[in-house]
Structure formats: structure tokens, C-alpha cells
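Engineer: Give me a 3D structure for the following:
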Amino acid sequence: METFLEDDGLIKFQYVMTKQSDHTINFDVYEVSSWGENEKTKEFDVPSQTNLYLKAYMKWDGCYHFWFGESDGYQHLCGNAEIEKHISVMNKCIEFAKTKIKAYNPEVAE
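Structural biologist: Numbers count the residues shown, from 1 in each chain. This next block holds a predicted model:
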């Protein structure tokens, strides 16, 4: 897994690219739920457990498809901090598409 989103230097979300072409990407985003010890720094900042947050299929034209969580797509967001975190993840998905899809067309996507 690779880093998707950090907060104060701590990895909060990771991703796995499942498919990529010039016109589309498919990827999964995992929320880090616990961290293990970094052998070099002795800090607890190495992701050790994750949970599927979303699956994404994104196209060159700004058409985005999302599936949330493990099964039914239900996503519980408890409090304003959770809403802000979700907004950050969704904004990161848009930026991710812009940088990972070679044929991304901002004029069509906007």
C-alpha cells in the first residue's frame, strides 16, 4: 500500500491501485486504524491495521464512481471531524484522478 493522505506527518489513509489505463483508474482507499512501532525512530507511526474506506473507478471525463466500506456502501460519519475527514478524502480522490489519468481533461471534467 502507498500513502494516500497524511495528517501532521501521520499516515491516515493508504491506497492500492487495482487498474490503470490512459483513460481510467480503479483504486481502493484504506483508513489506517492502528499504528505499529517504527524500528528506526521508535515512534508508533507505521500503519499496522487498515479498513477499506472506499473503492473508486474514475474516468478521464470527471465521471467518478464510489463504493464505500466493505459491503452495502453505508458510511457512518460521526461528528464534524468525520465530515471534514471525508471531504479531505474525496478532494484527494479528485486530485489523484488529475495526476494518475493521463488523458484527464479538466475542461470536460469541470
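
Engineer: which residues are contacting the longest helix along the chain?
Structural biologist: As assigned by DSSP state H, the longest helix anywhere in the chain is helix 80-100. The contact list for helix 80-100, computed with Cβ atoms under 8 Å, 6 or more residues apart in numbering, reads 4-5, 12-13, 15, 17, 20, 25, 27, 29, 53-54, 56, 58, 62, 64, 66, 75, 77, 104, 106, 109. All C-beta spots, glycine's among them, are computed from the backbone N, C-alpha and C.

Engineer: how distant is that helix from the center of its chain?
Structural biologist: Chain-centre distance of helix 80-100: 7 Å, with Cα atoms, centre = their mean, to the nearest Å.

Engineer: Please apply the same query to stretch 19-28.
Structural biologist: Put simply, stretch 19-28 sits 13 Å off its chain's centre (Cα atoms, centre = their mean).

Engineer: And stretch 53-68, by the same measure?
Structural biologist: The chain centroid and the centroid of stretch 53-68 are separated by 11 Å under Cα atoms, centre = their mean.

Engineer: Stretch 41-53 now?
Structural biologist: Relative to its chain's centre, stretch 41-53 lies at 15 Å (Cα atoms, centre = their mean).

Engineer: Tell me where this structure has helices.
Structural biologist: Along the chain, the segments classed as helices by DSSP H run 80-100, 106-109.

Engineer: Quick one: closest of those helices to Ser71.
Structural biologist: Between Ser71 and these, the shortest separation by Cβ to Cβ is 18.3 Å, and it involves helix 80-100.
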